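Chemist: fold the following for me, if possible:
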Amino acid sequence: MAAAETSATAVPTLYTNNTLRNAFGGVLSFFILLLIGVLAFSIRLFSVIKYESVIHEFDPYFNYRVTQFLTKNGIYEFWNWFDDRTWYPLGRVIGGTVYPGLTLTAGTIWWLLNSLNIPLSVETVCVFTAPIFSAFASWATYLLTKEVKGAGAGLTAAVLLAMVPSYISRSVAGSYDNEAVAIFALIFTFYLYIKTLNTGSLFYATLNSITYFYMVCSWGGYTFIINLIPMHALLCIVTGRYSSRLYIAYAPLVVLGTLLAALVPVVGFNAVMTSEHFASFLVFIIIHVVALVYYIKGILSPKMFKVAVTLVVFVGMAVCFAVLAVLIALVASSPTKGWSGRSLSLLDPTYASKYIPIIASVSEHQPPTWPSYFMDINVLAFLVPAGIIACFLPLSDASSFVVLYIATSVYFSGVMVRLMLVLAPAACITSGIALSQAFDVFTRSIKFQLPGVSSNSEVDAGESSSSTAEAQSNAGKTEKTEETSKDRPSRKSKKKEKEHVEKPSTKAKAEKKRLLALPLEASLISLLLLVLLGAFYVVHCVWAAAEAYSAPSIVLTSHSHDGLHVFDDFREAYAWLRHNTDVDDKVASWWDYGYQTTAMANRTVIVDNNTWNNTHIATVGTAMSSPEKAAWEIFHSLDVKYVLVVFGGLVGYPSDDINKFLWMVRIGGGVFPHIKEPDYLRDGQYRIDSQATPTMLNCLMYKLSYYRFVDTDGKGFDRVRKTEIGKKYIKLTHFEEVFTTHHWMVRIYKLKPPKNRIRGKTKKSKSKTSSPKRSGTTKKNPWH
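Modeler: Residues are numbered from 1 along each chain as shown. As a prediction, the model looks like this:
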């Protein structure tokens, strides 16, 4: 009786201890996640602290302008907005050509804050949208990694993603681009897919489709999801890991996700008509054939099953071939076989340079260098292989998905530097798994090496669990009859025999773990090295956030012996255009500056960063590559009044138009054959000095960039190209300089009116006899 009373009193104590331990672990994890969110948000505020709250880069200015229109005019006006200030004279239907996820998200946040009487401006909301969603992405990474390898790996992966430089580069405060919300949607979609795969819940499958819809609204990179998940489903089928959970995780995503994706205007019927989506449909058919085979196997005898499976496979193959025939017929008429130019550039890295120079001209579409991997993911590059190995110990459906994710993202990041952003979450997940497993091994090894803690803890744990079970059973027997109490000695003897059997097995497990333990010295040194590795990662990430990725491209700074110098030439030029030109004036520039000109100067532009019309961009490139007179005729035919060029030769700004000029030649020559790249090269070299070709020295871009440049130092020394210019004294006849910024970074020229040129020709023609043949000639096309 005394033993029964003791065990009965031990039950609440042990149960309470376990409950408190679990509750404490849950609360601790919650606060750690909260701190990770604060870290992810605060590390991205260096741009605001060091500079000011301003929109960065080029594309974010268009998104900011669209968000302003949405908050001012409403959702219906947004869907039907025709923007006549871009791509003159064509214009652009904004609602049908933009991914609305980012705009609708920021607009909703602004509306909610104003509904709560928090009067923040639209610009402020846009500036801080990316840091907010970086915290959400860190939490989503925790959830995804937890489903794969547990809470410890999830917390480690979350803190790694919160600081990884590759993600910081696209999510600092002011980086108001699609990736700001798309990375969160990407990770959360993967989490819900794995969650559905682990649980087989149709609820999570429906949430997965909705999250995928949000991803489609946010970024064109949604095609990565709709190809990666079918690849994983096919991998599970091929390796014999098919289950009903896989069917529930995949089939609703394809059906419901595709229907929702078709609701996005910029996607529309492309969700079922382009080759990027065909893999999901093919795997959809395959998984139904496999599901039918498994169903038939469960209801038929083995002999009948062989006959039925032959019929099912034959019919399934016929359906697959029929679908393939339809798909081939659909895409055969397209010269790209239904693939977009960017997708073909990923599959064939040489495709863009051969056929679509407009894609190859974008710097973020270039392949990365090896140092960029160590800059953007740092020590994670060394931890990823260890994480992949850990995913195989043991291999599950969830861990196989992570392996497939990291393998594909490594390939795509090697093709296009922009997709280092997709690699970052995969690298953080695998590195978090590796670090968690390593810490587990080293701490367990140290625990077994410490005196008095080795096997006693394991044996005590086994005894405590068995005693808990015994106490629970005894506690429920206190009010039994005497007949039941007579049988108690036999039950106790059985429990003693059971304990004698269990205790050696517990000791054997403890001994096995002891044999797997590393030496104490090696474990301590390894832990110290991991801590140092983590400290180095933190230092590098903070430096990258504070120095490398915090400076807004529209406001430049440099350090010299005189101190800090600020170059605010872009905003100076846009302010001049806004205050000194008419509202209806058209401004021509290279497409890089179109979004900023429209948003900050509020002037109509010929081309911008959307790059949807290659011919229009080639026309501007042809004008910049042509002699002054031919360029004037092209711009005049487009009703252009001002030409803006960016020049960095005085201050050493390398991303100027002279360095981009060969891309103007290539893009222009791709549409207008009379523009030939060799005409601008001397023995295959691009030169602007005295050895430059006459075509180069007389083109419009060269003249507008170096006009009056010799007046700055008397020599015309270009600090970017590190040489003196070839043509120092330039005379303009069809253009006149109207504004040059303080550091000569932006130069604005005005087209002279045609009457000045015609008046000169009229005077000259008076001295000659007029001929009817000459008066009847047609005007030559200025573009040829």
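Chemist: got a list of what Asp584 touches?
Modeler: Residues near Asp584 by Cβ atoms under 8 Å, 6 or more residues apart in numbering: Thr604. Glycine gets a C-beta too; all of them are placed from N, C-alpha and C.
Chemist: for it, grab phi and psi.
Modeler: Torsion angles at Asp584 (phi, psi; degrees, to the nearest 10) stand at phi -90, psi 10.
Chemist: let me see the confidence value for the nearest residue to Thr199 once chain neighbours are set aside.
Modeler: Once flanking residues are discounted, Thr199 sits nearest to Arg245: 7.2 Å by Cβ to Cβ, 6 or more residues apart in numbering. With respect to pLDDT, Arg245 scores 94.
Chemist: just the CA atoms of the strand or helix carrying Leu256, as PDB, please.
Modeler: Assigned by DSSP states H and E, Leu256 falls within helix 244-261. Only the C-alpha atoms of helix 244-261 are listed here, as PDB (Å, rounded to 0.1, in the frame of the first residue of the first chain):
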ATOM      1  CA  SER A 244      -2.300   9.200 -50.400                       C
ATOM      2  CA  ARG A 245      -0.600  12.100 -48.600                       C
ATOM      3  CA  LEU A 246       1.400  12.900 -51.700                       C
ATOM      4  CA  TYR A 247      -1.800  12.900 -53.800                       C
ATOM      5  CA  ILE A 248      -3.500  15.300 -51.400                       C
ATOM      6  CA  ALA A 249      -0.500  17.600 -51.400                       C
ATOM      7  CA  TYR A 250      -0.100  17.700 -55.200                       C
ATOM      8  CA  ALA A 251      -3.400  17.300 -56.900                       C
ATOM      9  CA  PRO A 252      -5.300  20.200 -55.300                       C
ATOM     10  CA  LEU A 253      -2.300  22.500 -55.800                       C
ATOM     11  CA  VAL A 254      -2.400  21.900 -59.600                       C
ATOM     12  CA  VAL A 255      -6.100  22.200 -60.000                       C
ATOM     13  CA  LEU A 256      -7.000  25.000 -57.600                       C
ATOM     14  CA  GLY A 257      -3.600  26.800 -57.900                       C
ATOM     15  CA  THR A 258      -3.900  26.900 -61.800                       C
ATOM     16  CA  LEU A 259      -7.400  28.200 -61.600                       C
ATOM     17  CA  LEU A 260      -6.400  30.900 -59.200                       C
ATOM     18  CA  ALA A 261      -3.300  31.800 -61.200                       C
END
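Chemist: all numbers from here: first residue = 407
Modeler: Understood, numbering begins at 407; the last thing we discussed is helix 650-667.
Chemist: picking up where we left off before, isn't the residue nearest to Thr605 right up against Leu608?
Modeler: No - judged on Cβ atoms under 8 Å, Arg651 makes no contact with Leu608 at a distance of 10.7 Å.
Chemist: more neighbours: those two, which one.
Modeler: Neighbour totals were compared for Arg651 and Leu608, and Arg651 leads with 18 against 12 (other Cβ atoms under 10 Å).
Chemist: OK, contacts around Ile643?
Modeler: 652, 692-693, 696.
Chemist: which one of those residues is nearest Met1107?
Modeler: Using Cβ to Cβ, Ile692 is the member of the contacts of Ile643 that sits closest to Met1107, with 54.2 Å.
Chemist: what is the neighbour count of that closest one?
Modeler: Around Ile692 there are 18 residues (other Cβ under 10 Å).
Chemist: look up phi and psi at it.
Modeler: Main-chain torsions, Ile692, degrees, to the nearest 10: phi -60, psi -40.
Chemist: the stretch 557-706 of the chain: helices as residue ranges?
Modeler: For the stretch 557-706 of the chain, applying DSSP state H, counting those that start in this stretch gives helices covering 557-569, 571-574, 585-605, 608-624, 628-644, 650-667, 676-679, 684-705.
Chemist: pLDDT weak spots in the chain?
Modeler: Across the chain, the ranges flagged by pLDDT under 70 are 407-421, 423, 733-750, 758-760, 857-922, 1161-1190.
Chemist: contacts for the helix or strand that Ser929 is a member of next, please.
Modeler: Here Ser929, judged by DSSP H and E, is contained in helix 926-949. Under the contact criterion Cβ under 8 Å, 6+ apart, helix 926-949 has outside partners 449, 566, 569-571, 574, 784-786, 841, 844-845, 847-849, 851-852, 855, 923-924.
Chemist: counting neighbours, which of these end up buried?
Modeler: 449, 566, 569-571, 574, 784, 786, 841, 844-845, 848, 851-852, 855, 923-924 (16 or more other Cβ atoms under 10 Å).
Chemist: find residues that contact each of Arg651 and Leu608.
Modeler: With Cβ under 8 Å, 6+ apart as the test, Arg651 and Leu608 reach no residue in common.
Chemist: would you put the C-alpha positions of stretch 1069-1088 in CSV?
Modeler: Below are the C-alpha coordinates for stretch 1069-1088, written out as CSV (Å, rounded to 0.1, in the frame of the first residue of the first chain):
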residue,chain,number,x,y,z
TRP,A,1069,24.5,47.1,-75.4
MET,A,1070,22.7,50.0,-77.2
VAL,A,1071,24.6,49.1,-80.3
ARG,A,1072,23.8,45.4,-80.0
ILE,A,1073,20.1,45.9,-79.3
GLY,A,1074,19.7,48.5,-82.0
GLY,A,1075,21.6,46.4,-84.5
GLY,A,1076,19.3,43.5,-83.7
VAL,A,1077,16.4,45.4,-85.3
PHE,A,1078,18.1,47.9,-87.6
PRO,A,1079,20.8,46.0,-89.5
HIS,A,1080,22.7,49.2,-90.6
ILE,A,1081,24.0,49.5,-86.9
LYS,A,1082,27.0,47.1,-86.7
GLU,A,1083,29.0,46.5,-83.6
PRO,A,1084,32.4,46.2,-85.4
ASP,A,1085,32.1,49.8,-86.6
TYR,A,1086,32.4,50.9,-83.0
LEU,A,1087,35.4,48.7,-82.1
ARG,A,1088,39.1,49.2,-82.9
